[in-house]
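> Sharing a model that was predicted from the sequence below.
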Amino acid sequence: MPKLETLGVRTYFNGPESFTPDGRPYLGPSAEVEGVYIAAGMNSNGILNSGGVGLTMAQWLIDGTPSRSMLPLLAVRAHPFQQNTAYVRERAAESVGFHYGLHWAGREVNSARGVRRVPLHSRMDAAGAAFAERIGWEVPMVYGAPWQDKPSLAWKPWSAQVQEESLAARDTAALVDQSMYAKLIIQGPDALKALNRVCSAQIDVSVGTTVYTPFLNPKGGIEADVTVTRMTETRFLVITGHPSQIRDQHYITRNADPAWRFEVFDATAAFALLSLHGPQSRTILQALAGTAAGRDALSAEALAFGAAREVDLAHARAWVIRRSFVGELGFEILVSSEFVDGIYEALMAAGEPLGMRLMGMFALNACRIEKGFLHFGHDIGEEDTPLETGLGFTVGWDKPAFIGREVLLRQREALRRHGGTDHRTACIHVPDLTAEAGPYLIHNEPIWHSGSIVGQVTSGDFGFRLDGVYGLATLHRKGGVTPDWISGGGFDVQIAGQH
Amino acid sequence: MDSGPSLPASAPVVIIGGGIIGTSTLYHLALRGVEGVLLERKKLASGTTWHAAGIVGQLRDSSAQTELGKYTARLFRTLEEETGQSTGYKQNGTINLALSPVRHEQNLRAHDHAKRMGIEAQLLDAQALASYWPWIERDDVLSAFYVPSNGQVNPLDTTVALAKGAKSRGGQIFEDTKVQRLEIDKGRVVGVVTDHGTIRTDRVLLAAGMWSHHFAKAHGITLPLHAAEHFYIVTEPMDGLPADQPILNIAEERTYWKEDAGKLLIGGFEALGKPYGADGIPEHFEFDELPFDLEHVSP
Ligand SMILES: Cc1cc2nc3c(=O)[nH]c(=O)nc-3n(C[C@H](O)[C@H](O)[C@H](O)COP(=O)(O)OP(=O)(O)OC[C@H]3O[C@@H](n4cnc5c(N)ncnc54)[C@H](O)[C@@H]3O)c2cc1C
């Protein structure tokens, strides 16, 4: 510290300033009252953000939308419980410290904890979960390794457990409690229209089908990344990340024709959501099916990838959706909350002898990066279109008009001409790095090609199944990021000063 | 209630709060030809803005936000030329020290990131650091991340300049005008009720700083924030301290150091701060400061 012991103090100053639970301001339209916009909670950065915020708010107020992605700062990321003043007061004290706090994957908060708990919270706690706080939720991050404040950008105090959980998904089975994900029921005679307007994918599918789809904005950019399951002709279930719980409801209703008859019901608390991944996952699920007919209903033939069925599970009825965010054989189990304890007990009884493990969010994230699955907010956002991010397969070109369609059509034309869009998501692997020493890809590492920077990493981590450092990146090239250019190689990623 | 300014009956946009955020938005609306109305309960900048240290960094996590950071730094320069009102902007640079290996790695990563963002930056070794900050002990410094184009600004003067720029283009500002509530009809805002009358509008910006949480809550609007105290000290004048002395951030010690009219201003962000105003901000608050708490800020 500077040697200034001899210098006298002339002024002691103390002034108040507003701080927010996650250390970021709230900007943009409020979810509750149309026409009311917010720009507050500057967390002691209001001066250095004043020009950019003023410019952006003026665009929002005039054009209805900002010209740049404001994703992490949107006011609609807040959950209504955060109106609670005791909660914001306790957290504000800690938010002050975010300023010089260290940003690393294990950064944790200690104030105002335990606000939102999934139905199985106590069981996850008993199973040794280390929880992190996300918009009030207690999210199991890893099992069997208590949280430790030992910041590291490579190997972490719980990496051995993350490794075991990742390998369980590859070799046997891993069970994840994802009940904090938002579940929105969109229902009514015009529910299909409301969804088809915001989704790039065709939602008019047969009952019992799950569709993975982005929501798009008029520029073709991605506003949400969800799955939609058609439960009946007029009833759809949208599953989305917990930071999008309010945002996605708002987006659907704001873009709907006022004459359409449908409602959005937030069923987040009504359902528990477990996901089961790995080669043994079907065997484990089938052990809960009770009858031969029940087991058949879960067979590869009856339940193809993307299919969703309401089936017998233990002594309950549950929706089982065949898909996996970690890239293994996998199932999501969606069940009314009162049944989840029973299903959990049955899953553990059937799975543990086969080597099934509980898996937390650290491993889930590392596994999805390894498989090149995109994360909304990191790898994709409002300034990326499906065609630029490898999500072109979601686009229902023949479905009725949807937001962003014209832009996508033009982009498809350009793509046919040039063989690539000007920016494009790619998976990357950095050879010869160990889990212990790193360095890891995390975020924003520049990517070089022929002496210039051509892109950056959007997320990265150590992938234990493939035993290497993996990441997702955005590449830029005037005239098109073409498959030839990519396969031509010559790319180099710079991590912490090293090429 | 009749002695105050006379408000327009309607406005395309009403901004609640005349801090730097509300005033900047009024200015940018005016640049786009929209003549907004800004309402401030006391005087412009009399909430949090007037006493800010005014440090201006540009590098953010995302490209979009960094572009806005660079825009802000540019604006502080052009605003002065445009309005004739000084913003006190100077480009003295910032230096972030790393005293631990993890911070050092982050400095290296920040340096890579700045390069991609087109922000000139250097990693200084102890020797080079000595030429900028001869007064500090350097034995424990692993690296120093220097961004010459960062700087500092006078927040009060900048707010005045933004107000001037806004008014010259038709933006209107009413001080001593407190917004009491919003008028809402079928989930849509239709007006703003003040202690000097009501303005019809269908677009409102809530930029009321630390007041915003309670105001929003009263209308069922979610806005999670709370005031906390923020401390700094200013030393006696210091010999040989140049006006362009780079700003120093020592994250491990949770302090920032900057030149302020020949003196050193030293501020901090404690690991655990002190919340302020749990039951609302006092009605009379205007250019107020709070009692200093030496015990709280002592390491
Ligand atoms: C000690 C200190 C140092 C700081 N240093 C820096 C720094 O170096 N760099 C940086 O970027 N930031 C810094 N900040 C933060 C910066 O000062 C704030 O982020 C910024 O001033 C917030 O501006 P604002 O417009 O949101 O809020 P404010 O300036 O508080 O403005 C809100 C205004 O709304 C008015 N208002 C409230 N309710 C109503 C109502 N009902 N009707 C009408 N008007 C209403 C208030 O009177 C007030 O004037 C510092 C802050 C402090 C306390």
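Thanks, I have it. Everything numeric here is computed off the predicted structure, so don't read it as measured data.

> from the stretch 201-350 of chain A, which residue is nearest to chain B?
Using C-beta to the nearest C-beta, the single residue of the stretch 201-350 of chain A nearest to chain B is A:Ile246, 7.8 Å away. Yep, even glycine has a C-beta here, placed from its N, CA and C like the rest.

> got a list of what A:Gly220 touches?
Taking C-beta atoms under 8 Å, 6 or more residues apart in numbering or on different chains, we find A:Gly220 in contact with A:385-387, A:404-405, A:407-408, A:411.

> Let me know the secondary structure of it.
Of the three states, A:Gly220 takes coil under DSSP: H, G, I helix; E, B strand; the rest coil.

> residues in contact with the closest residue to the ligand within the stretch 1-150 of chain B?
For the stretch 1-150 of chain B, the residue closest to the ligand is B:Gly19, as judged by C-beta to the nearest ligand atom, at 2.1 Å. Counting by C-beta under 8 Å, 6+ apart, B:Gly19 touches A:46, B:44-45, B:47-49, B:159, B:207-209.

> Out of those, flag the one nearest to A:Ala75.
Nearest to A:Ala75 among those is B:Ala207, at 12.0 Å by C-beta to C-beta.

> From chain A, how far out is the closest one?
Going from B:Ala207 to chain A by C-beta to the nearest C-beta, to the nearest Å gives 5 Å.

> Just give the number of residues close to that residue.
The burial count assigned to B:Ala207 is 29, neighbours taken as other C-beta atoms under 10 Å in any protein chain shown.

> Not counting sequence-adjacent ones, nearest residue to it?
Closest residue to B:Ala207 apart from its sequence neighbours, by C-beta to C-beta, 6 or more residues apart in numbering or on different chains: B:Gly22 at 3.6 Å.

> burial of the residue in chain A that the ligand sits nearest to, as a residue count?
Closest residue of chain A to the ligand, C-beta to the nearest ligand atom: A:Gly46 (2.1 Å). Burial of A:Gly46 is recorded as 25 neighbouring residues (other C-beta under 10 Å).

> if I pick it, what's in contact with it?
By C-beta under 8 Å, 6+ apart, the contact set of A:Gly46 is A:17, A:53, B:19-21, B:48-49, B:52, B:209.

> again, only using 7 Å
Residues near A:Gly46 by C-beta atoms under 7 Å, 6 or more residues apart in numbering or on different chains: B:20-21, B:48-49.

> on that earlier part again, ramachandran angles for the residue of the stretch 1-150 of chain B closest to the ligand?
phi -90, psi -170 (degrees, to the nearest 10).

> Look up how far B:Ala207 lies from it.
Distance of B:Gly19 to B:Ala207, given as C-beta to C-beta, to the nearest Å: 7 Å.

> Helices of the chain, start to end?
No chain in the question, so chain A it is. A:50-63, A:85-98, A:121-126, A:159-171, A:191-198, A:245-254, A:281-287, A:292-297, A:340-351, A:361-370, A:405-418, A:483-487 (DSSP state H).

> Actually, chain B is the one I wanted.
Taking DSSP H as the test, the helices found in chain B are B:20-31, B:63-83, B:101-117, B:126-132, B:155-167, B:212-217, B:294-297.

> Tell me which of those sits nearest to A:Gly396.
Closest to A:Gly396 of the helices of chain B is helix B:63-83 (C-beta to C-beta; 28.4 Å).

> Is the closest one in proximity to the ligand?
No. Helix B:63-83 does not reach the ligand (C-beta under 6 Å from any ligand atom); its nearest approach is 9.1 Å.

> Return the list of helices and strands in contact with that helix.
When contacts are defined as 3 or more C-beta pairs under 7 Å, 6 or more residues apart in numbering or on different chains; DSSP states H and E, helix B:63-83 packs onto helix A:50-63, strand B:55-56, helix B:155-167.

> Tell me what angle that helix forms with helix B:20-31.
Per axes from the mean of the first three to the mean of the last three C-alpha atoms, to 10 degrees, the angle that helix B:63-83 makes with helix B:20-31 is 70 degrees.

> CA atoms only: put helix B:63-83 into PDB for me.
Provided in PDB are the C-alpha atoms of helix B:63-83 (Å, rounded to 0.1, in the frame of the first residue of the first chain):
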ATOM      1  CA  SER B  63     -18.200  -6.300 -26.400                       C
ATOM      2  CA  ALA B  64     -21.600  -4.500 -26.300                       C
ATOM      3  CA  GLN B  65     -21.000  -3.100 -22.900                       C
ATOM      4  CA  THR B  66     -17.400  -2.100 -23.700                       C
ATOM      5  CA  GLU B  67     -18.600  -0.200 -26.700                       C
ATOM      6  CA  LEU B  68     -20.900   1.700 -24.400                       C
ATOM      7  CA  GLY B  69     -18.000   2.300 -22.000                       C
ATOM      8  CA  LYS B  70     -15.900   3.800 -24.800                       C
ATOM      9  CA  TYR B  71     -18.800   5.900 -25.900                       C
ATOM     10  CA  THR B  72     -19.200   7.400 -22.500                       C
ATOM     11  CA  ALA B  73     -15.500   8.400 -22.300                       C
ATOM     12  CA  ARG B  74     -15.800  10.000 -25.800                       C
ATOM     13  CA  LEU B  75     -19.000  11.800 -24.700                       C
ATOM     14  CA  PHE B  76     -17.300  13.400 -21.700                       C
ATOM     15  CA  ARG B  77     -14.900  15.100 -24.200                       C
ATOM     16  CA  THR B  78     -17.400  16.100 -26.900                       C
ATOM     17  CA  LEU B  79     -20.000  17.300 -24.400                       C
ATOM     18  CA  GLU B  80     -17.600  20.000 -23.100                       C
ATOM     19  CA  GLU B  81     -16.900  21.200 -26.700                       C
ATOM     20  CA  GLU B  82     -20.600  21.100 -27.500                       C
ATOM     21  CA  THR B  83     -22.100  22.900 -24.400                       C
END
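
> got the domain boundaries for the chain?
All of this is about chain A. Following automatic domain parsing, one gets these domains for chain A: A:16-101, A:182-266, A:271-355.

> meant chain B, my bad for not saying
Chain B breaks down into these domains under automatic domain parsing: B:2-54+B:154-217, B:94-151+B:228-278.

> quick one: the last one near the ligand?
The reference is to domain B:94-151+B:228-278. Yes. Using C-beta under 6 Å from any ligand atom, we find that domain B:94-151+B:228-278 touches the ligand at B:230, B:232.

> mean confidence score for that domain?
Across domain B:94-151+B:228-278, pLDDT averages out at 95.

> Now do it: distance from first to last residue.
Start-to-end span of domain B:94-151+B:228-278 (C-alpha to C-alpha, to the nearest Å) is 34 Å.

> quick one: B:Thr278 from A:Asn14, how far?
One thing to correct before we go on: residue B:278 is Ala, not Thr. Look at B:Ala278 and A:Asn14: by C-beta to C-beta, they are 17 Å apart.

> Compare those two and say which one has the larger neighbour count.
Neighbour count, other C-beta under 10 Å: between B:Ala278 and A:Asn14, A:Asn14 has more, with 19 against 12.

> Quickly list what that one is bridged to.
The bridge-partner assignment for A:Asn14, based on DSSP bridges, gives B:Phe231.

> Ok, the one 4 residues further on next?
Beta-bridge partners for A:Ser18, by DSSP bridges, are B:Ala227.

> What distance do you get for the closest residue to chain A within the stretch 51-200 of chain B to A:Asp432?
Nearest residue of the stretch 51-200 of chain B to chain A: B:Leu68, at 2.7 Å (C-beta to the nearest C-beta). Separation of B:Leu68 from A:Asp432 (C-beta to C-beta): 38 Å.
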